[in-house]
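> Sequence first, predicted coordinates after that:
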Amino acid sequence: MDTAFRAINLISISILCFDNKKFRSEIYPLIYDILSLSERQIHKFSTPKWYKTGNGANHVIGEMVGAIVIKLWKFISSNNSHDVLPKMQTEYKWLYATCDKLISKTGVYLEQSANYSRLVCEFLLMLDIFETAAGMHTKTRIYFKKLSDYVLTLANIDQSINFGDNDGASVLIAFKNNILDLSPIEKYREAISEDSNLPDYKQYNQDGHFIWKSNDSKAISLFIRHGTFCHFREGAAAHAHCDLLAILMSVNGESLFIDRGCYLYNTDANRRFEDVSTLSHNTVTINNQEQAMFDGRGYYDYPKTTFLSTDIHDSCIFSACISYQDNIHARKIFYQKNELQIVDSIKSNANANYTILFLLSDKYTPIATKNKDSINICQNDKIKAIVKFLNIDTIYCSKEYYYPIYANKKETYAIRGQGTLRNGMIDIITKISFL
């Protein structure tokens with residue numbers, strides 16, 4: 001895929017400099033040769049040639065877009081009247097077969113990563129530009145519209161939302177202010193769409209992504225993965241983490257509860273395991289057991305998940321349940337009058353231990369109250385929210401690290417609670433009051 005990235009970057013440079021005679025005569029011939037070699041390399045070593053599991057991946061999309069864009073650019077930039085549009089049936093076959101596996105009918109990107117959702121959306125945007133320039137009409141725009149709706153919906157609740165693996169890759173880096181800048185996607189979507197409105201958040205529930213935003217001055221936003229753990233075969237090396245029922249929260253578009261991210265996802269297994277672990281996400285961990293088993297290459301023994309839409313009524317905005325090994329974890333969320341209440345119902349073996357975690361954005365500092373039954377979340381010495389727990393034995397704050405982007409390490413704080421299931425079950429209640 002790196003070859004595809006470099007080829008698209010070279011084409012972008014060529015477009016920007018093409019009016020310069022010296023560039024066309026002295027530099028562009030070298031770029032043309034590199035593009036030809038890149039095209040051949042993608043054909044010879046592309047992922048579908050050796051990746052036989054049939055899962056599909058962002059690599060296939062990137063490589064096929066790179067190969068097609070090279071061919072389209074050669075066609076568009078050629079002055080030879082006898083040139084005809086190259087045949088690209090194989091590339092499009094692999095591209096669309098992979099899009100069908102990775103982009104759901106509602107637009108959810110099924111590799112379960114905010115970063116790769118953005119990246120694939122950028123690849124499809126770039127391809128649609130070149131197809132339009134070549135006068136082609138394909139299915140690319142259909143996939144782009146669905147995926148861009150999803151990506152922009154995520155950004156609408158939190159511009160810096162992050163979950164799953166994140167290597168910070170970008171196809172449109174020359175046109176962006178920073179890695180998280182979605183303005184090129186937003187502007188292109190507006191240019192090609194008759195309807196500028198984003199879809200109803202509720203449609204994403206059917207694909208396991210709960211997205212919600214309060215209709216008050218606080219604009220509390222939530223993102224929770226609650227559906228199928230992995231949409232590929234068991235053992236697939238997807239970019240998802242063990243984060244079902246984990247809560248990402250923002251207030252007025254500013255992150256409050258965040259995802260730990262991944263520091264290096266191609267490093268040793270122990271380091272990788274720490275980042276993907278259930279213990280590292282904003283949910284409950286029972287007896288230190290993982291929602292899915294991870295062996296460094298992929299996941300096994302996926303948990304069973306249920307989104308309980310019938311339980312959502314009045315102030316109850318979310319209800320879902322997962323079961324794995326001997327554990328059952330149901331999480332309900334209520335919101336009313338600037339207070340969010342999270343009820344975690346746990347069933348397991350008697351005397352099982354549990355841990356609950358909420359990782360804070362580095363913009364906030366948690367301070368425990370004197371009676372130690374609640375935590376004040378402060379920003380610039382002002383209390384922004386108060387977190388109170390019921391049915392938890394021990395509550396404490398700890399210094400932690402999070403990784404907003406690949407190999408980028410930042411310090412922050414976490415709120416943790418711990419306890420024991422005396423009778424094999426318990427309801428942990430977390431109340432968050434926003435000031």
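Received, thanks. Numbers count the residues shown, from 1 in each chain.

> quick one: residue 344 and residue 284 touch, right?
Yes. The criterion here is CB atoms under 8 Å, and residue 344 meets it with residue 284 at 5.0 Å. In this view, the C-beta of every residue, glycine as well, is placed from N, C-alpha and C.

> Can you pull the residues that touch both of those two?
329, 331, 356, 428 (CB atoms under 8 Å, 6 or more residues apart in numbering).

> Now do the contacts for the third one.
With contact taken as CB under 8 Å, 6+ apart, residue 356 is in contact with 283, 284, 285, 344, 389, 392, 416, 417, 418, 428, 430.

> Now name the helix or strand holding it.
Here residue 356 sits within strand 353-359, counting by DSSP states H and E.

> What lies in contact with the next helix or strand after that strand?
Using DSSP H and E, the helix or strand that follows strand 353-359 towards the C-terminus is strand 365-368. With CB under 8 Å, 6+ apart as the test, strand 365-368 has contacts from 360, 374-379, 387, 395-397, 413-415.

> Okay, buried residues for strand 365-368 please.
For strand 365-368, the buried set under the neighbour-count rule, 16 or more other CB atoms under 10 Å, comprises residue 366.

> Repeat that for stretch 410-430.
Neighbour-count burial for stretch 410-430 [16+ other CB under 10 Å]: 412, 413, 414, 415, 416, 417, 419, 421, 426, 428, 429, 430.

> do stretch 390-409 as well
392, 395, 397, 400, 402, 403, 404, 405, 406.

> Residue 322: which of those is nearest?
Among those, residue 392 lies closest to residue 322 (CB to CB), at 20.1 Å.

> How about that closest one: what's its closest non-neighbour residue?
residue 417 (4.0 Å; CB to CB, 6 or more residues apart in numbering).

> you'd agree the one you found is in a helix?
No. The assignment for residue 417, made by DSSP: H, G, I helix; E, B strand; the rest coil, is strand rather than a helix.

> Verify the contact between it and residue 428 for me.
Yes. With contact defined as CB under 8 Å, residue 417 counts as touching residue 428 (7.3 Å).

> intersection of neighbour lists for those two?
With CB under 8 Å, 6+ apart, residue 417 and residue 428 have common neighbours 356, 389, 392.

> burial of the second one, as a residue count?
By that I understand residue 389. 21 (other CB atoms under 10 Å).

> quick one: it is in a helix?
No. In this structure, residue 389 is strand, not part of a helix, as judged by three-state DSSP.

> who are the neighbours in contact with it?
For residue 389, the contact set (CB under 8 Å, 6+ apart) comprises 356, 373, 374, 395, 417, 428, 429, 430, 431.

> Report pLDDT for it.
Residue 389 carries a pLDDT value of 93.

> Next one: it from residue 163, what distance?
24 Å (CB to CB, to the nearest Å).

> so which strand or helix has residue 409?
Applying DSSP H and E, one finds residue 409 within strand 408-420.

> what comes into contact with that strand?
Residues from elsewhere that reach strand 408-420, judged by CB under 8 Å, 6+ apart: 168, 258, 263, 351-362, 364-366, 375, 387, 389, 391-404, 426, 428.

> change it to 7 Å
Strand 408-420 has contacts (CB atoms under 7 Å, 6 or more residues apart in numbering) with 263, 351, 353-362, 365-366, 375, 387, 389, 392-404.

> Adjacent strands (with direction) for that strand?
Partners of strand 408-420 in the sheet, by DSSP bridges, are strand 353-359 (antiparallel), strand 394-405 (antiparallel).

> and these as CSV, adding distance to residue 189?
Converted to CSV, the strands paired with strand 408-420 look like this (distance: least, CB to CB, whole Å):
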stretch, distance to residue 189
strand 353-359, 31
strand 394-405, 24
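
> Which of those strands comes out lowest on mean pLDDT?
strand 394-405 - the lowest mean pLDDT of the strands paired with strand 408-420, at a mean of 93.

> any idea how far that strand is from the chain center?
Computed by CA atoms, centre = their mean, to the nearest Å, the chain-centroid distance of strand 394-405 equals 20 Å.

> thinking again about what came up before, between the contacts of residue 389, which is nearest residue 274?
Out of these, the member with the shortest distance to residue 274 (by CB to CB) is residue 356, at 18.1 Å.

> Okay, and the beta partners of that closest one?
Applying DSSP bridges to residue 356, the residues it is bridged with are residue 284, residue 417.

> before we move on, what about the one 4 residues further on?
With DSSP bridges applied, the residues forming beta bridges to residue 360 are residue 257.

> dump the residue contacts of it.
Contacts of residue 360 by CB under 7 Å, 6+ apart are 256, 257, 258, 366, 377, 412, 413, 414, 415.

> Please identify which of the residues you listed is nearest to residue 49.
Among the contacts of residue 360, and counting by CB to CB, the member closest to residue 49 is residue 258, at 38.4 Å.

> residues near that closest one, how many?
Residue 258: 27 neighbours (other CB under 10 Å).

> Phi and psi next, for it.
Dihedral angles of residue 258 (phi, psi; degrees, to the nearest 10) stand at phi -120, psi 170.
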